[in-house]
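J.: give me a 3D structure for the following:
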Amino acid sequence: MFATVTLVMGMGYVAIGIGTETVPPTVLAAFRFDVSAVVLLTYAVLSGHWRPRTTVDVLAIITLGELVFAGTIGFLFVGQQYTTPSIAAVVMGLGPIVTIPIAYLLIPSERLSRADIVGVLLGFFGVAIVANPSPAQAATGANVGVVFVCCAVLSSSLGGVLLSRFETELSPLALTGWGALLGGATLHLVSIGLGESTRTISWTPASIVALVYLAVVVGVGGYTALLVLLSEIGPTRSSLTSFVSPIVAIGAGWLLVGEAVTVTTLVGLVVVVVGFALPNWSSFRWTLIPR
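T.: Model prediction:
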């Protein structure tokens, strides 16, 4: 199951890059959620317990749809127009690291240790290595993609922390389906506001395959596998998928689209992984080593 999640999510970065070559990013992201919502809500209706009944249910749907889905995927899809799948995957690996200070600010019981602070700093240092910023590059907009992907990380981490505060009665599939429906509707409005017209889209075989992969394989299969993984091995070991997926993205980008793999990208990935492992080492020692 761990291998399934990492492979599906890692390949997703390459699918985004392929799809956005001919389809505007917000339009592709919106259609991706439309298809996922139809599949998930159909299954939820057939299985029962699909209607939101409480205020908490509604708040959970809004948080999932607007922050975790529309915000995260919208920024990620736009960001990948300006950067490579491997760099986007490495930057998205900041998610568990960025969650640490956000949880500290929003959850009273959370406390920051020295290891947490060092881990956060290392994580951002790793992204700085990957981005390799310079005044000349900033002037030409070469780092715009990294900025958008960082916004995706912030949206995802904030949404994840807020979502952990809600004890919803909805099933995971129903919650995900409603969130996808809301996220897709939001992205459609954003695409209209940006003046992106669906009539000018060039649907090529590659973009259609990318849409189906993102909507069904990632949106349904990937998230379902992740939910199972969370229940089986817990959040600590499940979060390691954030750091294995970039390796898959780097390899898939090289094999499928001929993306060059740079030393700075690999070094940045290692620094981000160390930044996450440092504050969580005690948990890894107990969960990863068989007793």
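
J.: spit out the contact partners of I201.
T.: When contacts are counted by CB atoms under 8 Å, 6 or more residues apart in numbering, I201 is found next to T22, V23, P24, V27. All C-beta spots, glycine's among them, are computed from the backbone N, C-alpha and C.

J.: buried ones only from the residues you listed, please, as a PyMOL command.
T.: The command below creates a PyMOL selection of those among those that count as buried (16 or more other CB atoms under 10 Å):
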select buried, resi 23+24+27
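
J.: export the contacts of I201 to a markdown table and append columns for secondary structure.
T.: As requested, those are exported to a markdown table (DSSP: H, G, I helix; E, B strand; the rest coil):
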| residue | secondary structure |
| --- | --- |
| T22 | coil |
| V23 | coil |
| P24 | coil |
| V27 | helix |
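
J.: give the next helix or strand downstream of the lowest-mean-pLDDT helix or strand in the chain.
T.: When the helices and strands of the chain are scored by mean pLDDT, DSSP states H and E, helix 135-140 comes last with a mean of 53. Remark: after helix 135-140, the chain's next helix or strand is helix 144-163, criterion DSSP states H and E.

J.: contacts for that following helix?
T.: Under the contact criterion CB under 8 Å, 6+ apart, helix 144-163 has outside partners 60, 63-64, 66-68, 71-76, 78-83, 87-88, 91-92, 94-95, 98-99, 102-103, 106-107, 127, 130-131.

J.: and if we set it to 6 Å?
T.: Contacts of helix 144-163 with the rest of the structure, by CB atoms under 6 Å, 6 or more residues apart in numbering, involve 63, 67-68, 71-72, 75-76, 78-79, 82-83, 88, 91, 94-95, 98-99, 102-103, 106, 131.

J.: filter those residues to the buried ones?
T.: Burial of these was assessed by neighbour count (16+ other CB under 10 Å); the buried members are 63, 67-68, 71-72, 75-76, 78-79, 82-83, 88, 91, 94-95, 98-99, 102-103, 131.

J.: from those residues, which land in helices?
T.: Secondary structure of the buried ones among the contacts of helix 144-163 is defined by DSSP state H; positions in helices are 63, 72, 75-76, 78-79, 88, 91, 95, 98-99, 102-103, 131.

J.: now render the residues you listed as CSV, adding pLDDT and distance to G193.
T.: Converted to CSV, those look like this (pLDDT from 0 to 100; distance: CB to CB, whole Å):
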residue, pLDDT, distance to G193
T63, 92, 22
T72, 92, 19
F75, 94, 15
L76, 92, 19
V78, 90, 13
G79, 90, 18
A88, 85, 24
V91, 84, 25
G95, 80, 27
V98, 82, 27
T99, 80, 30
I102, 84, 27
A103, 80, 32
A131, 61, 28
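
J.: of the residues you listed, just say which sits nearest to V218.
T.: Top of the list for closeness to V218, among these and by CB to CB, is L76 at 11.7 Å.

J.: okay but A174 is in contact with W50, surely?
T.: Yes. Checked against CB atoms under 6 Å, the pair A174 and W50 is within contact range at 4.3 Å.
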